[in-house]
Each structure stands twice: as C-alpha cells, then as structure tokens.
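**Student:** Sharing a model that was predicted from the sequence below.
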Amino acid sequence: MKKIALITGITGQDGSYLSELLLSKDYKVHGIVRRHSFKGTERIQHLIDDAKYKDKFFLHYGDVTDSCSLSNIIREIQPDEVYNLAAQSHVGVSFKVPEYTAEATGVSTIKLLEAIRQNKVDTKFYQASTSELFGGIPSTAPQSEKTPFYPKSPYGAAKLYSYWITVNYRESYGMFACNGILFNHESPRRGEDFVTRKISLAVANIIKGNQEKLSLGNLNAKRDWGFAGDYVEGMYLMLQQDNPDDYVLATNETHTVRDFVNAAFDEVGIKIKWRGEGINEKGYDSKTDKLLIDVNPKFFRPAEVEFLLGDPSKAEKILNWKRKVNFEELVKMMVRADLNQLKKIFEVT
C-alpha cells in the first residue's frame, strides 16, 4: 500500500522539492493551501499539471492557524507522515508582523499536533525548525543539537516554541515527532525577498540592463548555505528511522553575504572591487568602475544574527545524510536559473 504524506507549506520552496521527492518514492502526497485571490501554486504547478500524478497529488484548502480545517484534513486522509513546513518564514518581516508570526509559525504547530492526537492518527511528524534558534553567537559555533538556543527575532522565538512543543508531545504522548534544525537552504525557487534570491535575481537583471545596482543590508553576516533539494532528503530520512529524534542539517561551512555577492557576479564574468566600510561600503565593477552594490540601513534588522555555522555530524552518522551541492554550485545554479527565466520572459514579450 502506498504511503500517504501531508505537507503544510506545500507551495513553498521546501514543499515543492519535498513533493517531488516523495512522489518519486511512490507516495500519495497531500498538501494544505490557503485560498488566495491569486493562484500562488507556481512552484508546484508542474506537479498539478502532470497527468501521471492525477491520483497521487492532492491539494486541500485550509490554514495552519485554523484548528478546524487541520483536524478535518488529518481525519480525512489519515496520513502516515506529516511534514509541517508552513510558517511566516521571513526573519526581517517577523519584526513587522510579530503577532502573526507567533500565530502562524509557533501556535500553529500545537494545533497540528493536537489534530493528530485528538483524531488518534498513527503518523510520523516532522517539524521544520531553524538555525535561527541559535541566534548566531560565534562562541557557540559550530552549532549542533546540543547548542543552547538564543533566538534574536520574533521568527526565531516562534520557532523555539514549535521546537519545544514538538519535543513535549514526543515525550508526553509517545508521538513519533522530529525536529529538523535546518540551516539556510536556498534554490532557484527561493522567494525574491530572501537575500540570496535577491542577489541572484539582481545580477541577472543588471546583466540584462533592467537594473542599475543592488542595495543590501549587513554584508558581514555569515551564513551556512546549502541547497534545498538536498535538505528535503534529510527531512524524509528523519521519518524513516525506528526512533524519533532531532537533527541539524548544515554544510559545516560559513560564508558572508559579501561572499555570495562576489560568487554571483563571478558567474557572469564581473569581478567586484569593494571600497569603504560599514554603511559606506560599495561594490564596483573592477573593469568599468561602475557602482553595482551599496549598503542601505533600511535592510538592517533590529537584532542581527551575525554568525551561523552548523555541525551536521549526527545526521551524517545516523541518517547517512550529506549535502551534495556545494556553495559555489548553489550560487551558479541560482544565477543561471534567473538568467534563463529572464530570457524566457523577454522571448514571450
């Protein structure tokens, strides 16, 4: 009998890659989507349109902030595995909408766990946790499952609640419930308001003559960046174990935002020359001396996470998981995808 998986946040970056992975393993995949006046299914439209998934891929209207819809969906489909990927996932935005972030990213998790428990569904539960739990204190790096948490944003604080309530339900009710503490993972499907996609898209637009320069915030922030397609494999592996546990997924490498910018422009043959410091730092085309990057204080957060570096050794040992795409390959993938996308747009118009 085919396994049944339920994915919240199925229309997001991770949800789309996870859907592809599970379908390739002959799962029946169900996803929860919110009703919008616009479609919002671009990342999974190829799965919706593919005739071979007609009886394998299903979408249900619902919302993780709505207990009733969660309970109805859980009861109806009786999933073998539940992947909770839904959240207000933008750290910067969480400072603008802290209450909504708490509800959609934190409280929603207990609503989903309660829907599973009260409906007595025998399922395995994956909670999407985050490196933002750690707060990026350099003295704690590399950060592992044993590193103390110190979130520095409403998003991180909401995810902290989700992490601990998942552990609590595992210990209190014997639920198979896991936390995946994933460090930054990117792809061409990343939202355009996230810094990595903002950079790759800007590079493509600058090359095409659609944009003059790129404005960024903290160029010195260090992140452990991997490929989302690799990380969803780790999510899947966590739920295939005999016992539930919590795992860090990371690359054990850290790079600054400046490094990402350099690598992205290198991909299109432009070497960046940096001048100035702090908010006065600027990046120029080393050949033409044209200004391409500047720093805008409006992109700084009230509390910055300066340094993230993950230790994935537990996942590597127990899950036999390891990232496949390195930093340079990830940047190239994203820049090339945005260049190709712009090319297609111009061909159509």
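**Tutor:** Structure received.
**Student:** and Lys273, backbone torsions?
**Tutor:** For Lys273, the backbone dihedrals (degrees, to the nearest 10) come out as phi -110, psi 120.
**Student:** Next, count neighbours for the residue nearest to Asp245 when sequence neighbours are not counted.
**Tutor:** Take Asp245 and drop its neighbours on the chain: the residue closest to it by CB to CB, 6 or more residues apart in numbering is Cys178, 6.2 Å away. For every residue, glycine as well, the C-beta is placed using N, CA and C. For Cys178, the neighbour count with other CB atoms under 10 Å is 23.
**Student:** Can you tell me what sits against the strand or helix carrying Cys178?
**Tutor:** Per DSSP states H and E, Cys178 falls inside strand 176-182. Contacting residues not belonging to strand 176-182 are listed as 113, 123-131, 133, 145, 163, 166-167, 169-170, 231, 234-235, 238-239, 244-250, 310 [CB atoms under 8 Å, 6 or more residues apart in numbering].
**Student:** Just the mean pLDDT for the helix or strand just after it, thanks.
**Tutor:** For strand 176-182, the following helix or strand on the C-terminal side (DSSP H and E) is strand 185-186. The pLDDT scores in strand 185-186 average 98.
**Student:** Point out the other elements, helices or strands, that strand 185-186 touches.
**Tutor:** strand 226-227, helix 228-238 (3 or more CB pairs under 8 Å, 6 or more residues apart in numbering; DSSP states H and E).
**Student:** among the ones you listed, which is the most enclosed?
**Tutor:** Of all those, strand 226-227 carries the top mean neighbour count, a mean of 25, counting by mean count of other CB atoms under 10 Å.
**Student:** so what does that strand touch, helix or strand wise?
**Tutor:** strand 185-186, helix 327-348.
**Student:** Can you give me the distance of Glu103 to Ile165?
**Tutor:** 14 Å (CB to CB, to the nearest Å).
**Student:** which sections of this protein are below the confidence cut-off?
**Tutor:** Within the chain, the ranges that satisfy pLDDT under 70 run 36-38, 346-349.
**Student:** can you give me the helices for it?
**Tutor:** 13-24, 45-49, 67-77, 91-94, 98-101, 108-118, 154-173, 195-207, 228-238, 257-266, 313-318, 327-348 (DSSP state H).
**Student:** export those helices to a markdown table and tack on distance to Leu219?
**Tutor:** As requested, those are exported to a markdown table (distance: least, CB to CB, whole Å):
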| stretch | distance to Leu219 |
| --- | --- |
| helix 13-24 | 24 |
| helix 45-49 | 35 |
| helix 67-77 | 41 |
| helix 91-94 | 15 |
| helix 98-101 | 26 |
| helix 108-118 | 34 |
| helix 154-173 | 21 |
| helix 195-207 | 10 |
| helix 228-238 | 23 |
| helix 257-266 | 4 |
| helix 313-318 | 30 |
| helix 327-348 | 15 |
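**Student:** can you tell which of those is closest to Arg34?
**Tutor:** Ranking these by their distance to Arg34 (criterion: CB to CB) puts helix 67-77 first, at 9.7 Å.
**Student:** buried residues in that closest one?
**Tutor:** By neighbour count on 16 or more other CB atoms under 10 Å, the buried set for helix 67-77 is 67, 69-71, 73-74, 77.
**Student:** Which of those residues sits closest to His60?
**Tutor:** Ile73 (5.2 Å).
**Student:** distance of that closest one from Phe149?
**Tutor:** Separation of Ile73 from Phe149 (CB to CB): 31 Å.
**Student:** May I have the phi/psi pair for Glu281?
**Tutor:** Main-chain dihedrals, Glu281, degrees, to the nearest 10: phi -70, psi 140.
**Student:** number of nearby residues for the closest residue to it other than its chain neighbours?
**Tutor:** Nearest residue to Glu281, sequence neighbours excluded (CB to CB, 6+ apart): Val295, at 5.5 Å. Neighbour count for Val295, taken as other CB under 10 Å: 19.
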